[in-house]
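Student: after the sequence you'll find the predicted model.
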Amino acid sequence: MAEPFLSIQQVRKAFGATTVVQDFNLDVEPGEFVSFLGPSGCGKTTVLRMVAGFEEPSAGKIVVAGKDITRLKPNQRNVGMVFQAYALFPNLTVAQNIGFGLKVAGMPKADADRRVAEMLDLIKLPQMGDRYPYQLSGGQQQRIALARAIAPKPKLLLLDEPLSALDAKVRVSLREEIRSIQKKLGITTVFVTHDQEEALSISDRIAVMYGGKAEQVGTPFEIYNRPATKFVANFVGTLNVLEGTVTDAASGKVRVNSQEVSLQGKLNGSKSGDTLSLALRPEAISLGRHPGRDASLSGEITEVHFLGSVIRVRVGIGGSTVSLDTFNSPAAPPPAVGEKAEISFSSGDMLVLH
Amino acid sequence: MKQGSRFWAWLVFGVGTTYFVLPLVATFEFSLRKRRGEYSFDAYRSVFEDPNFQATFTYSVVVAIFTILLGVLLVVPTAYWIRLRLPHLRPVVEFITLLPLVIPAIVIVFGYIRMFGSNSTLPFLATARGTDALLVIGYAVLALPYMYRAVDTGLRTIDVRTLTEAAQILGAGWTTIIARIILPNVLIAVLSGAFLSFAIVIGEFTMASLLNRPAFGPYLQNIGANSAYEPSALALISFAITWGCMSLIQILSRFAPRSANRPN
């Protein structure tokens, strides 16, 4: 593994008696795009602000490119940052905003102008240099903010929920643009978001945070398919949770609503008689029996929602409800509420939540 | 019903306008009567030709400019820092800035004379320049309630914390942040405070008189005590200056860059 470019080591942050970040560790490789994902108040923005220098850690250290920056002021860190509220300087034009960091650094005017033009081309807004921020849309303002952050060639790019204030369509296009610019420049990036779709779609790795701690750090594939904790499983994606009782720990048999399912190798030391929380992603479940799916449960359809290309079906199984999506097929009528139904899945897809 | 309420509205407006305008018209009419039997601008001519008018007015303008500079240097960083780092101290600072409205100028100036007399450790009053400096400081205090409120209101229209952080992360230090980001964005508010300060300084009598400085306020009083028509002319000139300052605030806020009022 390459030497980490950003290393956050045993970082803790307390405001008075309240600890908002505890023993946070993360190594980010050069050029990597890492997202902090979590609900409000989980400490993700506080960690980012400590990396930026706006908050001082109560303990631990932050190292960038081998240099301890824990006690450095924000203006000594050579870090770029994009804020949720754009934070463009209202009294400066777009070009002056982008050139602000260059001017502060004392770059000769001709070089700075060239760099500003380069940045405007990069964000595909070459004609906007003379405009003021209030004359731009939210998406354009955020692209300018991105250009301003990367113009002085920072070592590290920090993105603090940069898409939250934008409408859904702009969000999707801008996140793709951010990712493509990040890849093009190869700049190490930390992105804070509470939107799992955003994090899953653009990150190399995700740190899912909860209660000031990193619950799991992994690739989007790992986070989604192999959640390490109950919180990660619940927070990322939609999940159907069923209660089960271990009937035979040795052979991995678990009873779910009087129906037996085999979960060999997944019980992790559970004993016979233990109650377990079992989870299934909607896309892992099919309506009816299907070849290759070794487990099934019977129930009754309680809700059917027609969503166009997809039909969302809820099936009551004992006291629980399982949600699944099936593709709309014009040739076949949709399932009806009250019908008996069997759902099938591969026991390998069932997650045991600890 | 609607017509009735409109009648009362116009009546109140008419009474208010008469209350304010009639004394001005009467003063103006009186100021034109210097020449017997006909209206003339003789009183105004006499005022403008008086070397003392020019000297005292120039002195007061210079003092006003220094007062504004001192006020801006004192208030902008203070109000900014209070908003950014010490918001819990805001009520205390607001209370302090209101004190000059409660404590009469005569009390302040007697305090200055006792504190900064020629035998004190800070003998401002020992020299004319020192007394001028003390007058500027005193005027800055008198203008504090207006300057602080104007700047604080201006700061409320921008996201001070995020703009500061955005500038910091781009490498800017405090001086750059205040001079290039904060001040330009509250410039209209600062100008409002500046013109209010100007209007206060131009007509102020108590401090200038007790510190024995050749300012416009004592000159106004002196003319009022010794002439008949010139005081009316001067009253209108002072009114025009003050009114001109207020109009400038209005005009400038209309022509202000919209960006400053719309941070995001």
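Tutor: Great, that's in hand. Owing to the predicted nature of the structure, the values given are computational and were not obtained by experimental measurement.
Student: which parts of the stretch 1-150 of chain B are strands?
Tutor: Read by DSSP state E, counting those that start in this stretch, the stretch 1-150 of chain B holds no strands at all.
Student: now do the helices in it.
Tutor: With DSSP state H, counting those that start in this stretch as the criterion, the stretch 1-150 of chain B has helices at B:2-31, B:42-49, B:51-84, B:90-102, B:105-115, B:128-156.
Student: three-state assignment of the residue positioned nearest the centre of chain B?
Tutor: Nearest residue to the geometric centre of chain B (CA atoms, centre = their mean): residue B:197, 1.7 Å. Secondary structure, DSSP: H, G, I helix; E, B strand; the rest coil: residue B:197 is helix.
Student: what about residue 109, how many residues nearby?
Tutor: Defaulting to chain A. Residue A:109 has 10 neighbours, counted by other CB atoms under 10 Å in any protein chain shown. No exception for glycine: its C-beta is placed from N, CA and C like everyone else's.
Student: try chain B instead
Tutor: Residue B:109 has 19 neighbours, counted by other CB under 10 Å.
Student: just residue A:304 next, same as before
Tutor: For residue A:304, the count of nearby residues is 16 (other CB under 10 Å).
Student: pLDDT at it, what is it?
Tutor: The score at residue A:304 is 92. That number is its pLDDT.
Student: now do the one 5 residues further on
Tutor: Here the pLDDT value assigned to residue A:309 is 86.
Student: quick one: residues contacting it.
Tutor: Residues in contact with residue A:309 (CB atoms under 8 Å, 6 or more residues apart in numbering or on different chains) are A:327-328.
Student: pick the most buried one from the helices of the stretch 1-150 of chain B.
Tutor: helix B:128-156 (a mean of 21; mean count of other CB atoms under 10 Å in any protein chain shown).
Student: low-scoring stretches of the chain, by residue?
Tutor: Since no chain was named, I'll use chain A. Within chain A, the segments meeting pLDDT under 70 span A:1-2, A:354.
Student: actually it's chain B I care about, not the one you picked
Tutor: Within chain B, the segments meeting pLDDT under 70 span B:1-2, B:253, B:255-264.
Student: run a quick neighbour tally on residue A:300.
Tutor: Look at residue A:300: counted by other CB under 10 Å, it has 13 neighbours.
Student: enumerate the residues of chain A near chain B.
Tutor: Within chain A, the positions lying close to chain B (CB under 8 Å from any CB of the partner chain) are A:52-54, A:73-75, A:77-81, A:83, A:85-91, A:100-101, A:104-105, A:132-134, A:141, A:145, A:148-149, A:152.
Student: just those residues: which are in helices?
Tutor: Residues of these located in helices (DSSP state H): A:52, A:100-101, A:104, A:141, A:145, A:148-149.
Student: neighbour-wise, give me the winner out of those residues.
Tutor: Ranked by the number of neighbours (other CB under 10 Å), these place residue A:148 first, at 31 neighbours.
Student: tell me where the stretch 101-250 of chain A has strands.
Tutor: Under the criterion DSSP E, counting those that start in this stretch, the stretch 101-250 of chain A carries strands at the ranges A:156-160, A:188-193, A:205-210, A:213-218, A:240-248.
Student: out of those strands, the one nearest residue B:245 is which?
Tutor: Among the strands of the stretch 101-250 of chain A, strand A:156-160 comes nearest to residue B:245, with 43.2 Å by CB to CB.
Student: output the contacting helices and strands for the closest one.
Tutor: If you count contacts as 3 or more CB pairs under 8 Å, 6 or more residues apart in numbering or on different chains; DSSP states H and E, strand A:156-160 packs onto helix A:44-52, strand A:79-82, strand A:188-193.
Student: please save the CA atoms from the first one in CSV.
Tutor: Right, the one you point to is helix A:44-52. The C-alpha trace of helix A:44-52 is given here as CSV (Å, rounded to 0.1, in the frame of the first residue of the first chain):
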residue,chain,number,x,y,z
LYS,A,44,-18.4,14.2,9.7
THR,A,45,-18.2,18.0,9.2
THR,A,46,-16.2,18.4,12.4
VAL,A,47,-13.5,16.0,11.1
LEU,A,48,-13.4,17.9,7.8
ARG,A,49,-13.2,21.2,9.6
MET,A,50,-10.3,19.8,11.7
VAL,A,51,-8.5,18.9,8.5
ALA,A,52,-9.1,22.4,7.2
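Student: counting contacts, what elements does that helix pack onto?
Tutor: Applying 3+ CB pairs under 8 Å, 6+ apart, one finds that helix A:44-52 contacts strand A:6-15, strand A:18-28, strand A:33-37, strand A:79-82, strand A:156-160, strand A:188-193, strand A:205-210.
Student: including mean neighbour count, could those go into TSV?
Tutor: Formatted as TSV, these follow (neighbours: other CB atoms under 10 Å in any protein chain shown):
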stretch	mean neighbour count
strand A:6-15	18
strand A:18-28	18
strand A:33-37	25
strand A:79-82	27
strand A:156-160	24
strand A:188-193	25
strand A:205-210	25
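Student: so which of those gets nearest residue A:219?
Tutor: Nearest to residue A:219 among those is strand A:205-210; the distance by CB to CB comes to 5.7 Å.
Student: touching the closest one from outside, list them.
Tutor: Strand A:205-210 has contacts (CB under 8 Å, 6+ apart) with A:26, A:32-39, A:42-44, A:47, A:199-200, A:214-220, A:223, A:231-232, A:235-236.
Student: isn't residue A:11 right up against residue A:55?
Tutor: No. If you go by CB atoms under 8 Å, residue A:11 and residue A:55 don't touch, sitting 10.2 Å apart.
Student: could you give the angle of the longest helix along chain A to strand A:33-37?
Tutor: Assignment by DSSP H gives helix A:168-185 as the longest helix of chain A. Orientation check (axes from the mean of the first three to the mean of the last three CA atoms, to 10 degrees): helix A:168-185 against strand A:33-37 gives 140 degrees.
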